[in-house]
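Enquirer: Output the structure for:
(one chain, ligands or ions: 1)
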Amino acid sequence: MPFAQVGNFTQTPGDGANGFAAEVVVRPAHHFTLAPRGWRHAEAATITTSGLTAWRALVGDAQIKAGDTIVTLGTGGVSITALQIAKAMGARVIVTSSSDEKLARAQALGADAGINYRSTPEWGKAVQQLTDGKGADVVIELGGPGTMAQSIEAVRVGGHIALIGVLTGREGVIPTSLLMAKQARIQGLIVGHRRQQQDFVRALEQTGIRPVISDSYGALSDLPAAFKHQQSAGHFGKITVEW
Ligand SMILES: NC(=O)c1ccc[n+]([C@@H]2O[C@H](COP(=O)([O-])OP(=O)(O)OC[C@H]3O[C@@H](n4cnc5c(N)ncnc54)[C@H](OP(=O)(O)O)[C@@H]3O)[C@@H](O)[C@H]2O)c1
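Expert: Numbers count the residues shown, from 1 in each chain. As a prediction, this is how the structure comes out:
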């Protein structure tokens, strides 16, 4: 994506501006993209933020190819979509999680290996071992300061770290000399542009990937409960609210 086309998000509903929980919205036609054929609204809602971000990170920015090794952190919405995309593109995928049960679910979805980041806090080294000391081509970095050091440890020389989330906080220490030695690229990103969303929709139709929705709520008034559930990390993949 040319940087001249990267906008800021001050006017984006649900990000810089209110508007993601509206029952009716009016926008110019080019603000909308057709959903994949046959998808329910709740499924299509998973595309616009977590799905598109995972797609842009892997396909737009990191330009993954079959045979690459991808590490993705945790088992939330971005990570599970990244797993699905990367597997569809022929990559090897290593997932981290705080839960062995969730790791088993990720492996049932196609993950090649799982690392419990609670019982293996030095999971970057575990990635090195799983890749015969080479490291991962791409790390989907969702933790931020609390996980970046391990992501740098995990990535291969010349690899790519997609900095998407800051689940562990907004600022922290980065092992700069290790990053330099790894000659790795850290790419910060915020979602993606419309053309990438259209490409993603086409890929979803072609591959047959459907979103993994672990919990669904049925009323607008359920929003606080849905957010609480997300905070408790009881979910695997996406949580939806439909009314
Ligand atoms: N830049 C962007 O455009 C963009 C777009 C979408 C989301 N985001 C950000 O990306 C992050 C993830 O979003 P999401 O929608 O996928 O969230 P989510 O569905 O709530 O996923 C959170 C999961 O992350 C895992 N996690 C939490 N702390 C972790 C840690 N220290 N190390 C590894 N994994 C950890 C947990 O997985 P386990 O339960 O398996 O341990 C948790 O369930 C958030 O910070 C969100 O704001 C950014």
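Enquirer: For the helix ranked longest in the chain, list every residue counted as buried.
Expert: Secondary structure assigned by DSSP state H gives helix 194-207 as the longest helix of the chain. For helix 194-207, the neighbour count (16 or more other CB atoms under 10 Å) marks 196-197, 199-201, 203-204 as buried. Using the backbone N, CA and C atoms, a C-beta is placed for each residue, glycine as well.
Enquirer: just checking, what packs against it?
Expert: If contacts are counted by 3 or more CB pairs under 8 Å, 6 or more residues apart in numbering; DSSP states H and E, helix 194-207 sits against helix 52-55, helix 77-88.
Enquirer: And these: which comes nearest Ala184?
Expert: helix 77-88 (17.8 Å; CB to CB).
Enquirer: Just after the closest one, pick out the following helix or strand.
Expert: For helix 77-88, the following helix or strand on the C-terminal side (DSSP states H and E) is strand 92-97.
Enquirer: Could you name the helices and strands sitting against that next one?
Expert: Partner elements for strand 92-97 (3+ CB pairs under 8 Å, 6+ apart): strand 69-73, helix 77-88, helix 100-108, strand 113-116, helix 123-130.
Enquirer: Just say which of the ones you listed is most tucked in.
Expert: strand 69-73 (a mean of 29; mean count of other CB atoms under 10 Å).
Enquirer: report the angle between the axes of that strand and strand 92-97?
Expert: 20 degrees (axes from the mean of the first three to the mean of the last three CA atoms, to 10 degrees).
Enquirer: can you put the helices and strands packed on strand 92-97 in CSV and add distance to the ligand?
Expert: Formatted as CSV, the helices and strands packed on strand 92-97 follow (distance: least, CB to the nearest ligand atom, whole Å):
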stretch, distance to the ligand
strand 69-73, 4
helix 77-88, 4
helix 100-108, 5
strand 113-116, 9
helix 123-130, 9
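Enquirer: Nearest residue to the most centrally placed residue in the chain in space, please, no chain neighbours.
Expert: Residue closest to the mean C-alpha point of the chain, counted by CA atoms, centre = their mean, is Val78 at 2.6 Å. Take Val78 and drop its neighbours on the chain: the residue closest to it by CB to CB, 6 or more residues apart in numbering is Ser50, 4.6 Å away.
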